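Got a predicted structure here, sequence first:
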Amino acid sequence: GHYGRGSFVFVLAMSRVVSSLSAKTASDVGKLNAFPDDAFPGFLQILASYLSSSDDAAFEAQCTEFAESIGANPSALLNFAKSFASVLRLETKLNANVQAVSDDMRALGFNDLKVEVVAKMWREHSSSFTRFLIDSTLAVNELIDMDWNFGVTAATSDLQRAGVTFLRVKLVLD
């Protein structure tokens, strides 16, 4: 159609997070909407702890204990938790703000109460998620010793390599 001067057309684009999820992950996360509202904050605390430390063994143990305490299937809860953790990691990588995370939770089918609980958790913990992501991405070994040689190849059986400069570096890392 024709749009006059000063007219604007707004297009709602689906979130980068929601559109990049596999069908299984989106389905798993959507099933969390059926999670009891009163137990959801405790579930998010377990996720927040995991996303700040990535201790798989502790995460699995906490999920199993939590599932048993609310009468849920531990393996199913662990699968849903891992799917939701991948969504929250993606939100972290994209540096999503509280509004973007809230919009994504609505797009995944969360009710308003759960969206608010996720938003509260995001406000409290997103900086620690980012810090952990940066720390784990930039983990480097400590340099213990370094040795280097610089020179020119004076004699070789390959005429093309004679007269070529070189730099040899030996690093000893912890």
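Ah, there it is.

only C-alpha atoms for contact and neighbour calcs from this point on.
Will do.

For the helix ranked longest in the chain, which residues meet the burial criterion?
When the chain is parsed with DSSP state H, its longest helix is helix 112-137. Neighbour counts over helix 112-137 (16 or more other C-alpha atoms under 10 Å) mark 114-115, 117-119, 121-122, 125-126, 128-130, 132-133 as buried.

Likewise for stretch 58-65?
So, applying 16+ other C-alpha under 10 Å, buried residues of stretch 58-65: Phe59, Glu60, Gln62, Cys63, Thr64.

My read is that the second one contacts Leu78, right?
Yep, that's Glu60 we're talking about. Yes. Applying C-alpha atoms under 8 Å as the test, Glu60 and Leu78 come out as touching, 6.8 Å apart.

average model confidence for the longest helix of the chain?
On average, the pLDDT along helix 112-137 is 89.

Which residues outside the very next helix or strand once past that helix are in contact with it?
Downstream of helix 112-137, the first helix or strand assigned by DSSP states H and E is strand 143-152. Residues outside strand 143-152 that contact it (C-alpha atoms under 8 Å, 6 or more residues apart in numbering) are 162-174.

Convert the C-alpha atoms of stretch 102-120 to CSV, please.
Coordinates of the C-alpha atoms in stretch 102-120 are reproduced here as CSV (Å, rounded to 0.1, in the frame of the first residue of the first chain):
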residue,chain,number,x,y,z
SER,A,102,10.6,-10.9,29.8
ASP,A,103,9.4,-10.7,26.2
ASP,A,104,11.2,-14.0,25.3
MET,A,105,9.6,-15.8,28.3
ARG,A,106,6.2,-14.6,27.1
ALA,A,107,7.0,-15.8,23.6
LEU,A,108,7.9,-19.2,25.1
GLY,A,109,4.5,-19.4,26.7
PHE,A,110,5.2,-18.4,30.3
ASN,A,111,2.4,-16.9,32.4
ASP,A,112,2.8,-13.4,33.8
LEU,A,113,3.7,-14.7,37.3
LYS,A,114,6.6,-16.8,35.9
VAL,A,115,7.7,-14.0,33.6
GLU,A,116,7.9,-11.7,36.6
VAL,A,117,9.9,-14.3,38.6
VAL,A,118,12.3,-14.8,35.7
ALA,A,119,12.7,-11.0,35.3
LYS,A,120,13.5,-10.6,39.1
